[in-house]
Every structure is written in C-alpha cells, then in structure tokens.
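**Q** Just to be clear, the model below is a prediction. Sequence and coordinates:
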Amino acid sequence: MARHHGGFACSIYDCSAVRLPANPENVPAFAFPIRWADGLAVSQSATDGTWTWAGHAGKGMQRSLLMRLNLVLLSRFLLAVCAIIIPISAWLFAPVDTVILSCLFGWVLLALAVIDFRSLLLPDPLTLAAALLGALMVATTRPNDWLEHLIGGVAGYLVLFLVETVYLRLRGRDGLGRGDAKLLGAIGLWVGWTRLPDVLLLASLTGLLAALTANRLLKKELSASTPVAFGPWLALAGWISWLAGPLLVPSV
C-alpha cells in the first residue's frame, strides 16, 4: 500500500512540476497520448527496483521536455527517500496527523522549488495549497497558537511584498516576484512569525552561496539584472525551519 501511495503522490508531483508553469498551448506535444496511469507505471518501476527514465519513454518527446522530466525523476527519487526517512524519524517526536501534513507540505515545496528553478515561476495553485495545508495544520494540531501562525502568514507576505515594491520604485525593475511573497506567507502560516527571520536568513545565505557557486562553475559573471530564482531557497529554508522547530520539538 505504501508503494502505491508513493507512486500516486509522485505522479501528481510530476504533473504539477511539468505542466503547471506552462500555458496549455506552450506545452510540448507528444507523438502519442499520455495517460495518468503512465506516470504511475514509472513510479511503480522505481519501487520495484528498476528505473524507467523519461528519455526511454518514446521518440515523440522533445529534447527539452526530456530534460525536464529527467530532472523531475531525480527530484522524485529524493522525494521518495524523504518520504521514508522523515516519517520514521518524526514519528518519534510528533503526532501522526502532524507528520502526514508535514509530508504533504514537503511535496508541495519540492514541486515549487523545481518549477521556480527551471522557469522562474511559482504557480498560485501550489502556493495556495501550501497555505491551506498550513491553515489545516494549525486548526488540527495547534489551535491555541492560531494567532502566532496567522501573524506569520500575513507578515511573511507583507515583508517580501514591501521589498518588491520598494525595489521597483527605486530601481525601476522587478527585483522579486509576487510568488516569493505568497510562498513566504504560506511558510509563515506553518512556522509562525517568530521563525520568519530564520527562514529569510537561511534562504538568503543559501541563495547567495548557490549564485556564487554557479558563477564559479559556469565562469560567467552575474550582474545585478541577472534573474535568479529565490523560491527554491525559500522552500528549502522553510522546510528546514519547520523540521528543526515545531515538528521535531514535542508539544508541551
């Protein structure tokens, strides 16, 4: 049952990570119809110990889409590892409902990170899903702390919204996307306002380190106008902050 659940979740993740960022008319075409069960078949093969790479799926796929699907498959492997390790470790410290919601939150964050990394977009349906999961987590596991988490959601959105607005006024161009503000707002619902500084600091440091590393490896100068995805680092920081804080600290 666990492996069927994992295959289903990964199939949904694949669809969201590949299809959500693009308009329907811009999605690369296949030479053959692809059903929802095809994604499950690839997931099932992974659980059986054999990998079916997207590059072997058919000649009708365009090369760019193959690269995207292979990236998704690699991310899905990490997702499967996390889906096994995190619940086992968190089970020792957190209630079952918190663990389940946390896994769903992690899947959504991973999909958002992959999408933003390759397309500089954070789809509203996924950020909304993260926010709704946060609200559900608060309502079911921390009803007495609802105000702290509500303030975290509002403050998270407003902080990056103000940064975006001020930068646009001063520089005349966008410095942050509105999706970043929405994502931090969703993360704020999960971690509360007291942990928002930790999330922003960790996201900024990891994003800067990644940019410097890419600059060195690619041997290409990054200018102030070079677009850099901030969403993956917000997602990573939010996930780490959640795991290191409320999830792994027993409630009193």
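**A** Structure received.
**Q** where's the closest residue in space to residue 177 that isn't next to it in sequence relative to residue 106, distance?
**A** Leaving out its chain neighbours, the residue that sits closest to residue 177 by Cβ to Cβ, 6 or more residues apart in numbering is residue 122, at 6.7 Å. Glycine gets a C-beta too; all of them are placed from N, C-alpha and C. The gap separating residue 122 from residue 106 is 16 Å, by Cβ to Cβ, to the nearest Å.
**Q** quick one, which of the two is more surrounded?
**A** It is residue 122, of residue 122 and residue 106, that has more neighbours when counted by other Cβ atoms under 10 Å, with 28 against 19.
**Q** thought that one was touching residue 180?
**A** Yes - counting by Cβ atoms under 8 Å, residue 122 touches residue 180, with 6.8 Å between them.
**Q** intersection of neighbour lists for these two?
**A** Both residue 122 and residue 180 are in contact with residue 231, where contact means Cβ atoms under 8 Å, 6 or more residues apart in numbering.
**Q** Low-confidence ranges, this structure, go.
**A** 1-94, 218-226, 245-252 (pLDDT under 70).
**Q** So which residues of it form helices?
**A** 2-19, 36-47, 63-91, 96-119, 124-141, 146-171, 178-191, 196-218, 231-242 (DSSP state H).
**Q** what's near enough to touch residue 143?
**A** By Cβ under 8 Å, 6+ apart, no residues touch residue 143.
**Q** What are the structural domain limits within this structure?
**A** Following automatic domain parsing, the chain resolves into domains at 1-92, 120-252.
**Q** Now do the phi/psi pair for residue 121.
**A** For residue 121, the backbone dihedrals are phi -130, psi 140 (criterion: degrees, to the nearest 10).
**Q** From residue 196, how far out is it?
**A** From residue 121 over to residue 196 the distance is 23 Å, taken as Cβ to Cβ.
**Q** burial measure for residue 194, as a count.
**A** For residue 194, the count of nearby residues is 11 (other Cβ under 10 Å).
**Q** That one reaches residue 148, doesn't it?
**A** Yes - in this structure, residue 194 is within contact of residue 148 by Cβ under 8 Å, at 6.9 Å.
**Q** From residue 131, how far out is residue 122?
**A** Residue 122 is 12 Å from residue 131, by Cβ to Cβ.
**Q** what touches both of these two?
**A** Common contacts of residue 122 and residue 131, defined by Cβ under 8 Å, 6+ apart, comprise residue 182.
**Q** Now do the contacts for residue 190.
**A** By Cβ under 8 Å, 6+ apart, the neighbours of residue 190 are 105, 130, 133-134, 137, 149, 152, 238, 242, 246.
**Q** Need these in a markdown table (columns: distance to residue 162 and neighbour count).
**A** Formatted as a markdown table, the contacts of residue 190 follow (distance: Cβ to Cβ, whole Å; neighbours: other Cβ atoms under 10 Å):
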| residue | distance to residue 162 | neighbour count |
| --- | --- | --- |
| 105 | 25 | 24 |
| 130 | 21 | 26 |
| 133 | 25 | 19 |
| 134 | 21 | 26 |
| 137 | 26 | 23 |
| 149 | 20 | 22 |
| 152 | 16 | 27 |
| 238 | 19 | 31 |
| 242 | 24 | 22 |
| 246 | 26 | 21 |
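**Q** what's the most distant pair in those residues?
**A** 130 and 246 (15.3 Å; Cβ to Cβ).
**Q** picking that back up, JSON lines for the contacts of residue 190, including distance to residue 167?
**A** Converted to JSON lines, the contacts of residue 190 look like this (distance: Cβ to Cβ, whole Å):
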{"residue": "105", "distance to residue 167": "29"}
{"residue": "130", "distance to residue 167": "24"}
{"residue": "133", "distance to residue 167": "29"}
{"residue": "134", "distance to residue 167": "27"}
{"residue": "137", "distance to residue 167": "32"}
{"residue": "149", "distance to residue 167": "28"}
{"residue": "152", "distance to residue 167": "23"}
{"residue": "238", "distance to residue 167": "22"}
{"residue": "242", "distance to residue 167": "28"}
{"residue": "246", "distance to residue 167": "31"}
